[in-house]
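Novice: How does the following fold in three dimensions:
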Amino acid sequence: MGDSRDPRPQDGRRVTRLVRESDAERLAELLVANREFLAPTAPDRPASYATAEGQRELVATRLAEYREGTRLPLVVLDEDGDVVGQITLNEIVRGPFQSANVGYWLSEHAGGRGLATAALREVVHVAFDELGLHRLQAGTLLDNVRSQRVLLRCGFTVMGDAPAYLHIAGRWADHRLFQLVSDR
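Specialist: Numbering: from 1, shown residues only. Next comes the predicted model:
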């Protein structure tokens, strides 16, 4: 499928866009419908997180952080243009570091169709070519092979394992850390 950093799916359409406040209700619906699917890889959150109001507040905060240049909050779109998940550049750091962390999730029904890979390719393109970042990092639970495959397909390399890295699903969980360094 060409260069691993080519952001376009084979049909050339975009699979991400900036989150909008009007996405809050759809995001809440996805979080509720995918609660069991996402639970093993998600941090503990208050019940209000998966409500339309909770998502409206979160989207407003994320958009403010976007305007400040510290976050790039995007939604992932399926073949029909419907929101099926999120991908975010978190903790954008400037100065000599020029780095960010990448996080993403998709609804269960959207998996296995290349959407996560296409979304990550788009984010890599934006991070390196538009934002001028030098390095991206991502982490997965050790057994999250699907996300690891997405990262590897997009050119990320394994940095190593980090014990008790994040509090996930009620416990401190080990993670495999990945990075991608710009060649530009």
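Novice: Test my guess that Ala52 contacts Ala28.
Specialist: Yes. At 4.5 Å, Ala52 counts as touching Ala28 under the criterion of Cβ atoms under 8 Å. For the C-beta atoms, the positions are set from N, CA and C on the backbone; glycine is no exception.
Novice: residues of the particular helix or strand that has Arg146 in it that come out buried?
Specialist: Assessed by DSSP states H and E, Arg146 sits inside helix 145-153. Across helix 145-153, burial judged by 16 or more other Cβ atoms under 10 Å covers 147-148, 150-151.
Novice: counting contacts, what elements does it pack onto?
Specialist: helix 115-125, strand 135-141, strand 171-181 (3 or more Cβ pairs under 8 Å, 6 or more residues apart in numbering; DSSP states H and E).
Novice: If we use 6 Å, what do you get?
Specialist: Secondary-structure packing of helix 145-153 (3 or more Cβ pairs under 6 Å, 6 or more residues apart in numbering; DSSP states H and E): helix 115-125, strand 135-141.
Novice: Look at Arg184 and report its pLDDT.
Specialist: The model reports Arg184 with a pLDDT of 75.
Novice: and if you look at Thr41?
Specialist: 89.
Novice: For the chain, which helix extends over the most residues?
Specialist: helix 52-68 (DSSP state H).
Novice: which residues are contacting it?
Specialist: For helix 52-68, the surrounding residues in contact (Cβ atoms under 6 Å, 6 or more residues apart in numbering) are 19, 21, 24-25, 27-28, 48, 71, 73.
Novice: For the helix or strand that that helix is followed by, which strands pair with it and how are they oriented?
Specialist: Using DSSP H and E, the helix or strand that follows helix 52-68 in sequence is strand 72-77. Using DSSP bridges, the strands paired with strand 72-77 are strand 16-18 (antiparallel), strand 83-93 (antiparallel).
Novice: Let me know the average pLDDT across the shortest one.
Specialist: The one in question is strand 16-18. The pLDDT scores in strand 16-18 average 97.
Novice: just how off-centre is it within its chain?
Specialist: Centroid displacement of strand 16-18 relative to its chain, using Cα atoms, centre = their mean, to the nearest Å, is 11 Å.
Novice: Tell me the first helix or strand C-terminal of it.
Specialist: As assigned by DSSP H and E, the chain's next helix or strand after strand 16-18 is helix 24-33.
Novice: which residues touch that following helix?
Specialist: Here helix 24-33 makes contact (Cβ under 6 Å, 6+ apart) with 50-52, 55-56, 59, 83, 107.
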